[in-house]
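> Fold the following for me, if possible:
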Amino acid sequence: MAVLPDDLSAALDDELGRHPVARLTQSVDRLSARYRQGDAATSPILSSEADVAAYAGYRMPATYAAVHAVLAEAASRAPGFEPRTQIDVGGGTGAAVWAAAQVWPSLAKCTVLEQVAGAIGLGKRLAAGAGL
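The predicted model follows:
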């Protein structure tokens with residue numbers, strides 16, 4: 001199973017360190033309960049910086065690993081494929097972009113579309129914290 005790259009892991013740890021652990025735990029519990037409901041949200045689910053950080057800390061490693069596994073399998077089946085661009089619709093904090101960059105160093109431009117501005121902001125801070 002793929003683990004987060006060291007630079008991303010360190011940047012995520014720094015971001016998580018900005019919030020009290022109890023607040024992050026509350027957010028994870030609330031978000032998990034909300035997602036299990038299964039019905040459509042009528043308001044943003046990630047409604048605070050702590051929610052976005054908690055979501056990233058809780059989901060980003062698993063999302064990265066899952067996307068990395070799928071893309072690595074795709075790369076093994078198309079050895080000459082060297083994409084230069086990527087678009088991720090609903091990309092959250094950018095886990096899929098990181099996974100794709102690990103699999104295909106040929107990527108030169110990645111675009112993440114996300115409705116939660118805080119998630120985009122955190123993704124940008126993670127990239128900056130990793131020196132990207």
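> any idea which helix is longest in the protein?
Using DSSP state H to define each element, the chain has its longest helix at helix 49-77.
> In contact with the residue sitting nearest the centre point of the chain, which residues?
In the chain, the centroid-proximal residue (CA atoms, centre = their mean) is Ala95; its distance is 3.1 Å. Residues counted as contacts of Ala95 (CB atoms under 8 Å, 6 or more residues apart in numbering) are Arg59, Met60, Thr63, Tyr64, Val67. Backbone N, C-alpha and C define where each C-beta goes, glycine included.
> Mind putting those residues into JSON lines with distance to Asp14 and neighbour count?
JSON lines is the format used below for the contacts of Ala95 (distance: CB to CB, whole Å; neighbours: other CB atoms under 10 Å):
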{"residue": "Arg59", "distance to Asp14": "18", "neighbour count": "16"}
{"residue": "Met60", "distance to Asp14": "13", "neighbour count": "22"}
{"residue": "Thr63", "distance to Asp14": "19", "neighbour count": "20"}
{"residue": "Tyr64", "distance to Asp14": "17", "neighbour count": "24"}
{"residue": "Val67", "distance to Asp14": "22", "neighbour count": "20"}
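> so the residue of the chain positioned farthest from its centre, which of the three states?
Computed with CA atoms, centre = their mean, the residue of the chain farthest from its C-alpha average is Gly80, at 26.9 Å. At Gly80 the chain is in coil, as set by DSSP: H, G, I helix; E, B strand; the rest coil.
> how near is it to Glu49?
Gly80 sits at a distance of 43 Å from Glu49 (criterion: CB to CB, to the nearest Å).
> swap in Asp29?
17 Å.
> okay, those two: which has more neighbours?
Higher neighbour count among Asp29 and Glu49: Glu49, with 16 against 11, using other CB atoms under 10 Å.
> List the residues that contact the closest residue to the more buried one other than its chain neighbours.
Among residues not flanking Glu49 along the chain, Gly118 sits closest, at 5.9 Å (CB to CB, 6 or more residues apart in numbering). Neighbouring residues of Gly118 by CB under 8 Å, 6+ apart: Leu46, Ser48, Glu49, Asp51, Val52.
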